[in-house]
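Asker: need the 3D shape of this:
(one chain, ligands or ions: 1)
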Amino acid sequence: MAETQAQFPDLKDRTVLITGGGSGIGAALVEGFAQQGAKVAFIDIAEEPSKALAARLSSQSAHPVSFYHADLRDVGTIKSTVAAVESDLGAIRVLVNNAAWDDRHDIDTTTEEYWDNSQSINLKQVFFVSQAAAPGMRSAGGGSIINFSSIVFKMNPPALSSYAAAKSGIIGLTKSFAGRFGPENIRVNAVLPGMIVTERQLELWLTADGMAKTIERQCLKRVLKAEDLVGPVLFLASDCSGGMTAQSVIVDGGIF
Ligand SMILES: NC(=O)c1ccc[n+]([C@@H]2O[C@H](COP(=O)([O-])OP(=O)(O)OC[C@H]3O[C@@H](n4cnc5c(N)ncnc54)[C@H](O)[C@@H]3O)[C@@H](O)[C@H]2O)c1
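Answerer: The predicted structure is shown next:
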């Protein structure tokens, strides 16, 4: 359940597309926007959890929540899926580029194939989903694009070089897109989460010791969860942040 109580009336009936909405932070965002009465579409590669999420939320939201199964590593698939969302729900006014793959790898043994695959999900698709959604936003009079980066690239992570490169690349991409699209009233901002405890993170990467060390570095002495991203993203999506673009918003409990 998304925890934010805030209401952003301008988001009601607005078409919102969230990539990687089937689990983790993306799923909390799907729920958060649905609670605002937005028309929410999300893309994911994970069929079962995504279908279950869409079914659960559709029964309790003003509009049905629409799941589109797609592999974002394929640019043709991105184009056809964005076109399908627009055809079903109208021009996308809010795009949240949330999907990613934070796999660990050793620099010495990383292959070209691994690198290309990692960049295609962590960076390349952010460009092409935004490129595909922008013309509709432009025709509709404007919009808001929110790109998920990470604080991790500032922390010298030894086993995340490709992911860190992509996440820092998203900052540059955000600023370039903001410059290009600002005159068309399309705002583009980045969000940099810190350690966000999700089921997947707990399964794959997080240990009790690692979590304690991160909380030690945070000003806020508690675990941050997916729901902690909902309020900041709703704010960036809403006209309440209408003067903000090209910015990086850190949500890390005060590490930076
Ligand atoms: N969880 C954290 O601690 C943390 C920290 C910093 C930044 N972030 C960023 O926040 C965002 C969400 O993080 P999360 O932990 O919820 O991520 P996650 O890995 O749990 O979720 C990503 C979603 O993207 C989907 N996805 C992966 N590959 C795909 C593909 N090829 N096509 C379509 N969908 C695909 C997955 O199925 C999943 O539902 C990511 O951009 C991540 O980099 C997370």
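Asker: longest helix anywhere in this protein?
Answerer: helix 161-181 (DSSP state H).
Asker: which pLDDT value goes with the most centrally placed residue in the chain?
Answerer: Here the mean C-alpha position of the chain is nearest to the C-alpha of Asn98 (Cα atoms, centre = their mean), at a distance of 1.9 Å. Note on Asn98: pLDDT of 98.
Asker: who's in contact with it?
Answerer: By Cβ atoms under 8 Å, 6 or more residues apart in numbering, the contact set of Asn98 is Ile18, Thr19, Gly20, Gly21, Ile25, Gly26, Leu29, Phe148. Quick note: C-beta positions are derived from backbone N, CA and C, even for glycine.
Asker: near the ligand too, which of those?
Answerer: Gly20, Ile25, Gly26, Phe148 (Cβ under 6 Å from any ligand atom).
Asker: Ser144 against Val191, yeah?
Answerer: No: Ser144 is beyond contact range of Val191, at 11.8 Å (criterion: Cβ atoms under 8 Å).
Asker: common neighbours of those two, please.
Answerer: With contacts defined as Cβ under 8 Å, 6+ apart, the residues shared by Ser144 and Val191 are Leu236.
Asker: quick one, helices of this protein?
Answerer: 24-35, 47-58, 75-89, 112-119, 125-140, 161-181, 199-204, 208-217, 230-237.
Asker: burial of Asp88, as a residue count?
Answerer: When counting by other Cβ atoms under 10 Å, one arrives at 13 neighbours for Asp88.
Asker: any weak-confidence spans in the stretch 1-150 of the chain?
Answerer: Across the stretch 1-150 of the chain, the ranges flagged by pLDDT under 70 are 1-4.
Asker: got the residues of it near the ligand?
Answerer: Contact residues (Cβ under 6 Å from any ligand atom) of the stretch 1-150 of the chain with the ligand: 20, 22-26, 43-46, 71-73, 98-102, 121, 148, 150.
Asker: buried ones among the residues you listed?
Answerer: 20, 22-26, 43-44, 72-73, 98-102, 121, 148, 150 (16 or more other Cβ atoms under 10 Å).
Asker: from Asn117, how far off is Val251?
Answerer: Distance of Val251 to Asn117, given as Cβ to Cβ, to the nearest Å: 28 Å.
Asker: more neighbours: which of the two?
Answerer: For Val251 versus Asn117, neighbours defined as other Cβ under 10 Å are more numerous around Val251 (18 against 15).
Asker: so what's the more buried one up against?
Answerer: By Cβ under 8 Å, 6+ apart, the contact list for Val251 reads Val191, Leu192, Pro193, Gly194, Leu224, Asp228, Leu229, Pro232.
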